[in-house]
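In: Sequence plus the predicted model coming up.
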Amino acid sequence: MNDMSETAGGATTHTLTVTDNATGQRLELPVRQGTEGPRVADIRRLYSDLGIFTYDPGFTATGSCESKITFIDGDEGVLLHRGYAIEELAEHSDFLEVCFLLLYGHLPDKAEKEDFEQTISMHTMVHEQMRTFFSGFRRDAHPMAIMVGVVGAMSAFYHDSTDIDDPYQRMVASHRLIAKIPTIAAMAYKYSIGQPFMYPRNELRYAENFLHMTFNVPCEDKPVSPVLARAMDRIFILHADHEQNASTSTVRLAGSSGANPFACIAAGIASLWGPAHGGANEAVLNMLREIGSKDRIPEFLKRARDRDDPFRLMGFGHRVYKNYDPRAAVLKKSTDSVLDELGVRNEPLLELALELERIAGEDEYFQQRKLFPNVDFYSGILLQAMGFPTSMFTVLFALARTVGWIAQWKEMIEDPVQKIGRPRQLYTGEARRPFVPLDER
Ligand code: CMC
């Protein structure tokens, strides 16, 4: 029996005794305490010593890795990146600084910040041949479909940064992904509306440059509103990382086989697309439009409570947060001020959303299940006011989350205990049986 205590972090505080009542065998499992969060039972010896697997569909009680990047306390509504609270980062930092923090573990000093910004700006253009790659898509393709395809195709364009065993190539791939994802996202949008692609402008800041590529046209290159650029940057910060969610776990699992980073991020984008995850911001706006007016809210709440109706209140509930999502709180605050700055008064969807939140908050069903607004509840209203079509909402989420995926992918590759992810199962199919020839069936 191997002592695996050397290969996992967190102090072992005590053991958990597992007794197999069928055989009388006992096993002492080490219990580890991380810096924050619940204790973790290290079950790796459960199968080798007792021949037992664990069963946890949806990973509701399973830690899939050790990580130093992001911490969430769902009961308290706390989100920390490398120990810094999301509210403070949203207020005082900017997106590229948060990217540096997620990737390297500390806030950059002045020289590091300048150097990082310079490096990212040097990678913003995409290979010119990628422009022709876009023309293969139908004009009415969903921009997320384009994102999955084009980001995956980056592995065909940037061969010199696909060797995952070379730390330099890993770093170049990270920088390329962070720098090029806004260019690709803006191109997906431009393609869908039939406008010419805009080249990046490296004197602009990250969010500003993205808004320039999205909303400017070659015949009229207007300055980007600083209010919008700040709002965009804040939205990027709020979506930058979120621990081991579905898309991040997808990226880690894809990467565990040794797949190149561009392919892994494309897998993450595919996973994010679903309405239970990043696609929820698009679904929230569609739902608010469908509700239409405040007097119809009770009807939709009734549907949400009905177990036989698949309808769910989009933008409500979270696997981890059983309290107000701290990102939603920041967004709710900025939505007001941005709409004000944009001169949008009495935005009907915002009024409807506020009323929906109020009524749901007083509803016993939502109270009992601790269903609060999540990050997607307010982001759609803000993005719509900024001029984005609904179909771009999840693309913006993917753009911002790319850094989180890369930081987590990089951490996994550099983790000495890393091995290919290979979950097992509880098999309930047919037991072994003899093959039946066709004429005897
Ligand atoms: N509307 C109505 N009922 C809900 C909702 C909702 N939005 N969310 C959860 N419930 C109910 C659910 O029916 C269940 O009730 P019961 O115990 O009676 O069977 C209970 O609450 C627990 O729900 P669950 O499905 O077991 O919870 P989960 O952790 O598996 O699901 C979730 C989390 C986010 C998928 C779910 O809350 C949901 O579908 N929300 C709407 C979609 C959404 O807004 N997603 C964005 C998540 S935040 C952004 C991101 O991280 O991607």
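Out: It's in. Residues are numbered from 1 along each chain as shown.
In: Just to check, residue 191 is in contact with residue 146?
Out: Yes: between residue 191 and residue 146 there is a contact at 6.8 Å, judged by CB atoms under 8 Å. C-beta here means a position set from N, CA and C on the backbone, and glycine is covered the same way.
In: Please enumerate the shared neighbours of these two.
Out: Applying CB atoms under 8 Å, 6 or more residues apart in numbering, one finds that residue 191 and residue 146 are jointly contacted by 134, 137.
In: Now residue 113: closest residue in space that isn't a chain neighbour?
Out: residue 97 (6.2 Å; CB to CB, 6 or more residues apart in numbering).
In: starting at the chain centroid, how far to the helix or strand encompassing residue 402?
Out: Applying DSSP states H and E as the criterion places residue 402 in helix 393-414. On the basis of CA atoms, centre = their mean, to the nearest Å, helix 393-414 sits 7 Å off its chain's mean C-alpha point.
In: start the count at 618, not 1, going forward
Out: Understood, numbering begins at 618; the last thing we discussed is helix 1010-1031.
In: helices and strands around it, which ones?
Out: Helices and strands touching helix 1010-1031, by 3 or more CB pairs under 8 Å, 6 or more residues apart in numbering; DSSP states H and E, are helix 712-721, helix 760-774, helix 784-810, helix 843-856, helix 863-873, helix 878-889, helix 897-908, helix 992-1002.
In: Ok, which of the ones you listed comes nearest residue 1054?
Out: helix 863-873 (39.9 Å; CB to CB).
In: quick check, the closest one touching the ligand?
Out: No: between helix 863-873 and the ligand, judged by CB under 6 Å from any ligand atom, nothing touches; the nearest distance is 7.4 Å.
In: repeat for stretch 915-928
Out: Yes: against the ligand, stretch 915-928 shows contacts by CB under 6 Å from any ligand atom at residue 921.
In: what residues does that stretch touch?
Out: Stretch 915-928 is contacted from outside by 904, 907-908, 929-930, 933, 973, 976-977, 980, 982, using CB under 8 Å, 6+ apart.
In: What strand or helix carries residue 638?
Out: Counting by DSSP H and E, there is no helix or strand that carries residue 638.
In: how about the residue of the chain found nearest the ligand, what does it touch?
Out: Residue of the chain nearest the ligand, by CB to the nearest ligand atom: residue 934 (2.4 Å). Counting by CB under 8 Å, 6+ apart, residue 934 makes contact with 986, 988-989, 991.
In: How about residue 1013?
Out: Neighbours of residue 1013 in contact, by CB under 8 Å, 6+ apart: 802, 852-853, 856, 1000, 1005.
In: and it, what pLDDT?
Out: Here the pLDDT value assigned to residue 1013 is 96.
In: ok, it to residue 637 distance?
Out: Distance, residue 1013 to residue 637, using CB to CB, to the nearest Å: 50 Å.
In: which strands and helices sit next to the lowest-mean-pLDDT helix or strand in the chain?
Out: Ranked by mean pLDDT, DSSP states H and E, the weakest helix or strand in the chain is helix 943-958, scoring a mean of 84. Here helix 943-958 touches strand 695-698, helix 703-709, helix 843-856, helix 992-1002, going by 3+ CB pairs under 8 Å, 6+ apart.
In: contacts for the third one?
Out: In this case it means helix 843-856. Here helix 843-856 has contacts from 703, 706-707, 710-712, 715, 822-825, 827-828, 944, 947-948, 951, 955, 958-959, 992, 996, 999-1000, 1003, 1013-1014, 1016-1018, using CB under 8 Å, 6+ apart.
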